[in-house]
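Engineer: Let's see this in three dimensions:
(one chain, ligands or ions: 1)
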Amino acid sequence: MTDSSTKSDFDKMVEKLQRDVNDQARMTFSEKVVTEYNNPKNIGKMEKPDAFAILKGWCGDTMEMYLKMEHEIVADISFMTDGCGATIACGSMLTSMVKGKSVDEVKAITEDDLIAALDGLPEENLHCAHLAIITLENALKMLQ
Ligand code: FES
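Structural biologist: Got it, this is the predicted structure:
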């Protein structure tokens, strides 16, 4: 067996494992949650943000959110979390919803809006959306 065939077998094993994990996740979560979790957008800390917040949820997981403003518009936003897959999906979707919006428009986004944008969350993960929303709300307080 050559190195390339070994590598290929390894890659196949990783791909199968990823497929199995995603299939299991799809039994619990919507396709949108699985997509956002697998390809999170706007993830990372930000240098010199205009506003930020770091909050710990009751589950013990943390969410960080960073905003860069330009003339009352969210020019850039990013998040970090050590939380579950649903939290990553919430951070990714919420930051995507917020980018390019005015502060007033951002303030109008509710937890229900976020959950609807993800095509729903299981009952036991609703607090993940709450954590994302209150982290954003706390970051916005820095702009007042
Ligand atoms: Fe802690 Fe999702 S389980 S934020």
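Engineer: need the residues of the chain near the ligand, please.
Structural biologist: 57, 59, 61, 83-84, 86-87, 125, 128, 131 (Cβ under 6 Å from any ligand atom). (C-beta placed from N, C-alpha, C; glycine too.)
Engineer: These in helices, which ones?
Structural biologist: Mapping these onto helices (DSSP state H) picks out 86-87, 128, 131.
Engineer: Please convert those to a markdown table, extending it with pLDDT.
Structural biologist: Output for these, formatted as a markdown table (pLDDT from 0 to 100):
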| residue | pLDDT |
| --- | --- |
| Ala86 | 95 |
| Thr87 | 96 |
| Cys128 | 96 |
| Leu131 | 97 |
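Engineer: center of the protein - which residue?
Structural biologist: Nearest to the geometric centre of the chain sits Gly91, at 2.2 Å (Cα atoms, centre = their mean).
Engineer: can you give me the helices for this structure?
Structural biologist: Per DSSP H, the chain carries helices over the ranges 3-28, 31-38, 85-98, 103-107, 111-117, 126-141.
Engineer: Figure out which of those helices is closest to Ala53.
Structural biologist: Among these, helix 126-141 comes nearest to Ala53, with 3.6 Å by Cβ to Cβ.
Engineer: can you pull the buried residues of the closest one?
Structural biologist: For helix 126-141, a neighbour-count test (16 or more other Cβ atoms under 10 Å) marks 126-136, 138-140 as buried.
Engineer: Number of residues surrounding the nearest residue to Asp61 once chain neighbours are set aside?
Structural biologist: Counting by Cβ to Cβ, 6 or more residues apart in numbering, Asp61 lies nearest to Gly83, which is 3.4 Å off, once chain neighbours are set aside. Neighbours of Gly83 under the rule other Cβ atoms under 10 Å: 22.
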